[in-house]
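> Fold the following for me, if possible:
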Amino acid sequence: MSVEQSVTGVERFFGEDDIIVSKTDLSGRLTYANKIFLDISGYTEKEVLGQQHSLIRHPYMPRTIFKLLWETIESGNEIFAYVNNRCKNGDHYWVYAHVTPSWGRDGKVNGYHSNRRVPDHEILKQYVIPLYDKIRAAEKSVANRKDGLKAGVEVVESLLAERGKKYDEFIATLGQKQRRGFR
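Numbers count the residues shown, from 1 in each chain. Take a look at the predicted model:
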């Protein structure tokens, strides 16, 4: 399936009590998408099942964040992340994603499961979007994608070293920092 990369700049929203759910196989192909996922993304179940989850990847998202996400879940760990997704028509929607490996009866990872909730838009504005802008600028500051990804990773690693935190700890404490006036 061809993925149209146009964007409209229009943000969509979903309900505070809604949870967007999807499941993938080990290579990231969608094996399940709930009604909320389908409704907000504008796709039908037939259009998404069997397709790469990156079908909804918004071009704004730094590649570095997805590298970190995949490294984490492929190692058998969960991750929380803020993600900007692209709808079928080019609109977008932000989520606070919790992505986990799915385990088979044999004790091996057999896929991945993601639950997404409404993100705190103040955290997005104050912390996430400026960070993603900085990562994207680093990714685009060099001539090739491989070096760009390396530059983006360096931005994240530097930030985490300054804070003395792992990525998941940093993300989890953004709301706490906001309440304490963190800048």
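> And the strands in this structure, which stretches?
20-24, 30-33, 79-86, 92-103, 109-117 (DSSP state E).
> hey, C-alpha coordinates of the fourth one in PDB?
What follows is the C-alpha trace of strand 92-103 in PDB, where atoms were taken according to Å, rounded to 0.1, in the frame of the first residue of the first chain:
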ATOM      1  CA  HIS A  92      -2.500  14.500  12.600                       C
ATOM      2  CA  TYR A  93      -3.100  13.500  16.200                       C
ATOM      3  CA  TRP A  94      -0.800  13.400  19.200                       C
ATOM      4  CA  VAL A  95      -0.700  10.400  21.600                       C
ATOM      5  CA  TYR A  96       1.000   9.300  24.700                       C
ATOM      6  CA  ALA A  97       2.000   5.800  23.800                       C
ATOM      7  CA  HIS A  98       2.800   2.800  25.900                       C
ATOM      8  CA  VAL A  99       4.400   0.100  23.700                       C
ATOM      9  CA  THR A 100       5.100  -3.300  25.100                       C
ATOM     10  CA  PRO A 101       6.300  -6.700  23.700                       C
ATOM     11  CA  SER A 102       3.700  -9.400  23.600                       C
ATOM     12  CA  TRP A 103       4.900 -12.700  24.900                       C
END
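> which other helices and strands contact it?
The contact analysis (3 or more Cβ pairs under 8 Å, 6 or more residues apart in numbering; DSSP states H and E) places strand 92-103 against helix 63-74, strand 79-86, strand 109-117. C-beta: built from backbone N, CA, C; applies to glycine.
> just the angle between the longest one and strand 109-117, please?
If you take axes from the mean of the first three to the mean of the last three Cα atoms, to 10 degrees, helix 63-74 sits at 130 degrees to strand 109-117.
> same thing with the shortest one?
For strand 79-86 and strand 109-117, the angle between their directions (the same axes, to 10 degrees) works out to 70 degrees.
> by contact count, what packs against strand 79-86?
Partner elements for strand 79-86 (3+ Cβ pairs under 8 Å, 6+ apart): helix 63-74, strand 92-103, helix 167-179.
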